[in-house]
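A.B. asks: Got a predicted model here, sequence first, then my questions.
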There are 2 protein chains.
Amino acid sequence: MFELDLRSRKPIYEQLVEKLKELMINEVLKPDEQLPSVRTLAQQLTINPNTIQKAYRELESQGYIYSVKGRGSFVNPSSHIQNAEKIMKVKEELSKLLSEALYLGITAEDLKEMIVEIEASVGGNQADDRN
Amino acid sequence: MFELDLRSRKPIYEQLVEKLKELMINEVLKPDEQLPSVRTLAQQLTINPNTIQKAYRELESQGYIYSVKGRGSFVNPSSHIQNAEKIMKVKEELSKLLSEALYLGITAEDLKEMIVEIEASVGGNQADDRN
DNA sequence: TAACTGTATTAAGACACATAGTACACTGTA
DNA sequence: TACAGTGTACTATGTGTCTTAATACAGTTA
């Protein structure tokens, strides 16, 4: 499914959160699709089930997935993610990173171009998904 | 000078790196200006000098400051930062964050507007600083 | 019932973080 | 030359997080 860097200073469960987010954002994992169970994914990645669970718990608290005891964990449609506070956080992070990029000499035009490319690759199909 | 969250899961030295970067990017700390010594800053923030040193070492390895034994630590002009690898990293981080922002429903127009605002606030004075 | 799901708990080890204390080399100045 | 200030290095210690391991319980599905 993906690879982890066990020697990284970044915790495994955080790497998992990032990778899984990526798969959902790029719609490799589609809305309401079931994620691998904590045990099977742990076996595939040869890491402890508790570590998977920690990642799933984090993803659920951020609104990216929902879990049902006895059934499994599933991708939450992006339109269902609680937005108010979450969007603030992302914007703050973005603000820092954009400032740094400009400081390093990346031009505003470069940055705008990045947005256009990412928007195209990720598919602009969220507009009609809202209710 | 600034505040730290000692109870955060984020290490103090990383918070320091972020805050100091911010001050340099916003030109509160100007090129070749001297930073507080590890001991005085440690006293001001009531944390250990070793922690300050760790932050300074990190900033130096990233090219943001330079240190001279016996004299002090100073802000490195942004045009002197080695760019090749560093810009790649920042662009990768940006790419992830921009994808997430779009996924959460922030529009490309919002993002472009952010860039314009940040560019204005940070001062577009880097173009004529290069050699 | 049986096999699968999520969830919770405790214990242990490894590792990074932060502190404390000490020491050395270098620079600038009285 | 002294002295105070600077960066830098090292060891030791305590603390917290991460990760693993082993169980256990509750709910769902065939």
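C.D. replies: Received, thanks. Only a predicted model underlies this, so the values are computations on that prediction, with no experimental measurement involved. Numbering: from 1, shown residues only, chains lettered A, B, ... in the order given.

A.B. asks: Could you use CA atoms for every contact and neighbour count after this?
C.D. replies: OK.

A.B. asks: which SSE is A:Glu60 in?
C.D. replies: In this structure, A:Glu60 is located in helix A:49-61 according to DSSP states H and E.

A.B. asks: does chain B sit close to that helix?
C.D. replies: No. Helix A:49-61 lies out of reach of chain B by CA under 8 Å from any CA of the partner chain, never closer than 13.3 Å.

A.B. asks: helices or strands up against the helix or strand following that helix?
C.D. replies: Along the chain past helix A:49-61, the next helix or strand (assigned with DSSP H and E) turns out to be strand A:65-68. Using 3 or more CA pairs under 8 Å, 6 or more residues apart in numbering or on different chains; DSSP states H and E as the contact definition, the elements that strand A:65-68 packs against are helix A:49-61, strand A:72-75.

A.B. asks: And for stretch A:36-54, what's in contact with it?
C.D. replies: Outside of stretch A:36-54, the residues that reach it under the criterion CA atoms under 8 Å, 6 or more residues apart in numbering or on different chains are A:3, A:12-13, A:16, A:72-73.

A.B. asks: Ends of that stretch, what's the gap?
C.D. replies: 14 Å (CA to CA, to the nearest Å).

A.B. asks: Grab the nearest non-local neighbour of the spatially most central residue of chain A.
C.D. replies: The centroid of chain A falls nearest to A:Lys21 when counting by CA atoms, centre = their mean (1.8 Å). The shortest distance from A:Lys21 to any non-neighbouring residue, by CA to CA, 6 or more residues apart in numbering or on different chains, is to A:Tyr64 (7.5 Å).

A.B. asks: For the one you found, give me its contacts.
C.D. replies: With contacts defined as CA under 8 Å, 6+ apart, the neighbours of A:Tyr64 are A:21, A:75-78, A:81.

A.B. asks: next helix or strand past the longest helix along chain A?
C.D. replies: Determined from DSSP state H, the single longest helix within chain A is helix A:84-103. Going down the chain from helix A:84-103, the next helix or strand is helix A:108-122, by DSSP H and E.

A.B. asks: any idea of the mean pLDDT for that following helix?
C.D. replies: Rounded to a whole number, the mean pLDDT of helix A:108-122 is 96.

A.B. asks: quick one, that helix and helix A:84-103 angle?
C.D. replies: Between the direction of helix A:108-122 and that of helix A:84-103, the angle (axes from the mean of the first three to the mean of the last three CA atoms, to 10 degrees) works out to 130 degrees.

A.B. asks: A:Asp5: what secondary structure?
C.D. replies: In terms of secondary structure, A:Asp5 is coil; the call rests on DSSP: H, G, I helix; E, B strand; the rest coil.

A.B. asks: For the nearest residue to it once chain neighbours are set aside, give its distance to DNA strand D.
C.D. replies: Sequence neighbours aside, A:Ile12 is the residue nearest to A:Asp5 in space, at 7.6 Å (criterion: CA to CA, 6+ apart). Distance check for A:Ile12 against DNA strand D: by CA to the nearest atom of the strand, to the nearest Å, it reads 3 Å.
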